[in-house]
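1. Got a sequence here, can you model it:
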Amino acid sequence: MAILSKIRTFLTATIAPRLDSLAARLIAAAAVWTVAGLVVGGLILSGVFRASEEASFDARLKFDLDGMIAAAEPDPAGGVSLRGRFTDPRFERIFSGWYWQITPADGRSGEMQISRSLWDHAIHVTGGGRAGPDMIWGRGEGPDDQHLRIVEQRIEFPISATSNPDDTRAYTFLVAGNLAQLESEVARFDTMLFWSFAVLGLGLIAAIFIQVRVGLTPLRRLSRALSRIRDGGERKLEGRYPAELAPIAAEINSLIAHSAEVVGRARGHVSNLAHFLKTPLTVLASEADAQPGPLADSVLGNRTPVKPVLDDLARVLMRIHAERAIAIEVDCSPSLAFRGERQDLEEMAGNLIDNACKWAHSKVAVKASRDGAKWKLVVGDDGAGLDAEERSHVGERGERLDESVPGSGLGLSIVRDIARLYGGSFELGESPLGGLEARLVLPVIG
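-> Numbers count the residues shown, from 1 in each chain. Presented below is the predicted three-dimensional model:
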């Protein structure tokens, strides 16, 4: 059926693995959103981890600064020293990346104290950052061009050697840490995050692919069912379909039933029309045969050479069935003529040869020969053929015994009806080629 073929083509195109298919669109859209979500999520997690590491780094610097201030001991002259009270292995290793520095606020660099890790260098503050109530956060440069995170706090110590109790001396306590350690932790986390999200993304895309393929299985099942209906294996869509496809399946079944009803009515109308015209035309033909004149000339005077018609039909039908490589052999005398209209001969012979081509494996034999006042057209094929009981039902009001090839079933019925109008006959038998043989007997001229 043409309608079923169009529906199946649409469904096949819908689920085929092409870029414009529904499956490809669903997979591509889900993959884009998955990748975008993972990228955004990765950036957020990386930012959160960096902020957490920076906060932890700053807390460590603040802890060391508080410890250094607590360990500082002023002398009566206003000086300050740690006197070995602030010991930490990180500040003892040369250029370890962890440093402390005590600087007099009055700028007397000769009294600056530094950690052993600085050796003979001093920390150069390059920029300030956020400031607390009594401390400043910023950045600086250390040995070997190390980029440092620093925290410094100004502390005033009393000078007890003077008689003025308000005399004080201020110092800036500074603790610094190498940012390379922070960046290394963040880079290690980002690498682990990237590969984790890459594996997760591939897994999600694979899961989406499987989900889409499984989700579209009912569409493929619907397409195969339509193919079986078109080939005659089934007459309607069977089985249960998801709620989204159930209305479509019901509408297709309704369309199939309606089309079958329309074709059935058409077959009945054609057959009834042929039977209705049979008697009037037979009377006209008898009158024209008995009384020569204009009526006889118009009714019986047509002369159609048979061989050109058969050759043309064979050439056209071999092109139509070219994909199956059907060979059509025509055996007909050039002098043989049909007593009737060319279009009627084409209708009868065309239906017989086309029907043979549909069922033949590779060969169709067409032979036309004279038999007294009649001539016989025999069309045989090398197909599976029909048994005697099946042959007796073929051609009755377009009845079809097999739906496995396209067609309406009207062809042999039309051949039978036209042959009767010309006073001929039509029958089916077994072909020497092994398949079905159609025998058409019609009037001949000369």
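2. how about Ala438, secondary structure?
-> strand (DSSP: H, G, I helix; E, B strand; the rest coil).
3. my guess is it meets Leu428, correct?
-> Yes: between Ala438 and Leu428 there is a contact under CB atoms under 8 Å: 5.7 Å. C-beta coordinates here come from the backbone N, C-alpha and C atoms, glycine included.
4. what about those two, which has more around it?
-> It is Ala438, of Ala438 and Leu428, that has more neighbours when counted by other CB atoms under 10 Å, with 27 against 18.
5. Check the offset of the helix or strand Arg420 falls within from the chain's centre.
-> Following DSSP states H and E, one finds Arg420 within helix 411-421. In terms of CA atoms, centre = their mean, to the nearest Å, the centre of helix 411-421 is found 49 Å from the chain centre.
6. One more: stretch 312-321?
-> Distance, centroid of stretch 312-321 to centroid of chain: 39 Å (CA atoms, centre = their mean).
7. so after the helix holding Arg420, what's the next helix or strand?
-> strand 425-430.
8. What helices and strands are in contact with that following strand?
-> Counting by 3 or more CB pairs under 8 Å, 6 or more residues apart in numbering; DSSP states H and E, the packing neighbours recorded for strand 425-430 are helix 411-421, strand 436-443.
9. which of the residues in the first one are buried?
-> When burial is assessed from 16 or more other CB atoms under 10 Å, helix 411-421 yields the following buried residues: Gly411, Leu412, Ser413, Ile414, Val415, Arg416, Asp417, Ile418, Ala419, Arg420.
10. how's the protein carved up into domains?
-> 1-230, 266-443 (automatic domain parsing).
11. Now tabulate the ones you listed in JSON lines and tack on distance to Glu244 and mean pLDDT.
-> As requested, the domains of the chain are exported to JSON lines (distance: least, CB to CB, whole Å; pLDDT from 0 to 100):
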{"stretch": "domain 1-230", "distance to Glu244": "8", "mean pLDDT": "81"}
{"stretch": "domain 266-443", "distance to Glu244": "29", "mean pLDDT": "79"}
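12. Include distance to Lys236 when you put those domains into JSON lines, please.
-> Shown next, in JSON lines, are the domains of the chain (distance: least, CB to CB, whole Å):
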{"stretch": "domain 1-230", "distance to Lys236": "7"}
{"stretch": "domain 266-443", "distance to Lys236": "12"}
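13. now, of those domains, which is deepest in the fold?
-> With neighbours taken as mean count of other CB atoms under 10 Å, those reach their highest mean count in domain 266-443, at a mean of 17.
14. Could you work out the end-to-end span of that one for me?
-> 29 Å (CA to CA, to the nearest Å).
15. same check, this time on stretch 234-249
-> For stretch 234-249, the end-to-end distance is 14 Å (CA to CA).
16. what's the answer for stretch 209-222, then?
-> Rule used - CA to CA; the end-to-end distance of stretch 209-222 is 20 Å.
17. who touches it?
-> 11, 14-15, 22-23, 26-27, 30, 237, 239, 241-242, 245, 248-249 (CB atoms under 8 Å, 6 or more residues apart in numbering).
18. Farthest pair within those residues?
-> Ala30 and Leu237 (29.4 Å; CB to CB).
19. Arg370: what secondary structure?
-> Arg370 is classified as strand under three-state DSSP.
20. which residues does it bridge with?
-> Trp375 (DSSP bridges).
21. That one: what's it in contact with?
-> Ser333, Leu336, Lys376, Val444.
22. of those, closest to Glu390?
-> Scanning the contacts of Arg370 for proximity to Glu390, where the rule is CB to CB, the winner is Lys376, at 22.6 Å.
23. can I assume that closest one is in contact with Val444?
-> No: between Lys376 and Val444 there is no contact, the gap being 9.4 Å when judged by CB under 8 Å.
24. which helices and strands sit right next to the helix holding Arg420?
-> Packed next to helix 411-421, using 3+ CB pairs under 8 Å, 6+ apart, are helix 246-290, helix 342-359, strand 425-430, strand 436-443.
25. on that earlier part again, go through the domains of the chain and name the closest to Ile256.
-> domain 1-230 (6.8 Å).
26. Of all the domains of the chain, which one comes closest to Ala257?
-> That would be domain 1-230 among the domains of the chain, by CB to CB, at 11.6 Å.
27. Distance to Leu65 added to the helices and strands packed on strand 425-430, as CSV?
-> Converted to CSV, those look like this (distance: least, CB to CB, whole Å):
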stretch, distance to Leu65
helix 411-421, 102
strand 436-443, 105
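28. Any idea which of the domains of the chain gets closest to Leu255?
-> Across the domains of the chain (criterion: CB to CB), the nearest stretch is domain 1-230, sitting at 6.4 Å.
29. Tell me where the stretch 51-200 of the chain has strands.
-> 73-74, 80-81, 98-104, 113-114, 124-131, 135-141, 147-158, 168-178 (DSSP state E, counting those that start in this stretch).
30. Neighbouring strands - and their directions - for the last one?
-> Sheet neighbours of strand 168-178, with direction, are listed as strand 98-104 (antiparallel), strand 147-158 (antiparallel) (DSSP bridges).
31. between that strand and strand 135-141, how many degrees?
-> Inter-element angle recorded for strand 168-178 and strand 135-141: 50 degrees (by axes from the mean of the first three to the mean of the last three CA atoms, to 10 degrees).
32. got a list of contacts for strand 168-178?
-> 57, 60-61, 64-65, 68-69, 72, 78-80, 97-106, 123, 125, 140, 142, 146-159.
33. repeat that with 7 Å
-> By CB atoms under 7 Å, 6 or more residues apart in numbering, the residues outside strand 168-178 that reach it are 57, 60-61, 64-65, 68-69, 78, 80, 97-105, 123, 140, 142, 146, 148-159.
34. got the CA positions of that strand in CSV?
-> Below are the C-alpha coordinates for strand 168-178, written out as CSV (Å, rounded to 0.1, in the frame of the first residue of the first chain):
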residue,chain,number,x,y,z
THR,A,168,56.8,52.3,73.3
ARG,A,169,58.5,50.9,70.3
ALA,A,170,56.6,49.4,67.3
TYR,A,171,57.6,46.3,65.3
THR,A,172,56.0,44.8,62.2
PHE,A,173,55.7,41.0,62.5
LEU,A,174,55.5,39.3,59.1
VAL,A,175,54.9,35.7,58.1
ALA,A,176,55.0,34.5,54.5
GLY,A,177,54.3,31.3,52.6
ASN,A,178,55.2,30.2,49.0
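35. and Gly340, what does it touch?
-> Contacts of Gly340 by CB under 7 Å, 6+ apart are Asn302, Thr304, Tyr422.
36. Now flag whichever of those is closest to Arg265.
-> Nearest member of the contacts of Gly340 to Arg265, counting by CB to CB, is Tyr422, at 26.8 Å.
37. Ramachandran coordinates for Phe433?
-> Actually, residue 433 is Leu rather than Phe. phi -80, psi -10 (degrees, to the nearest 10).
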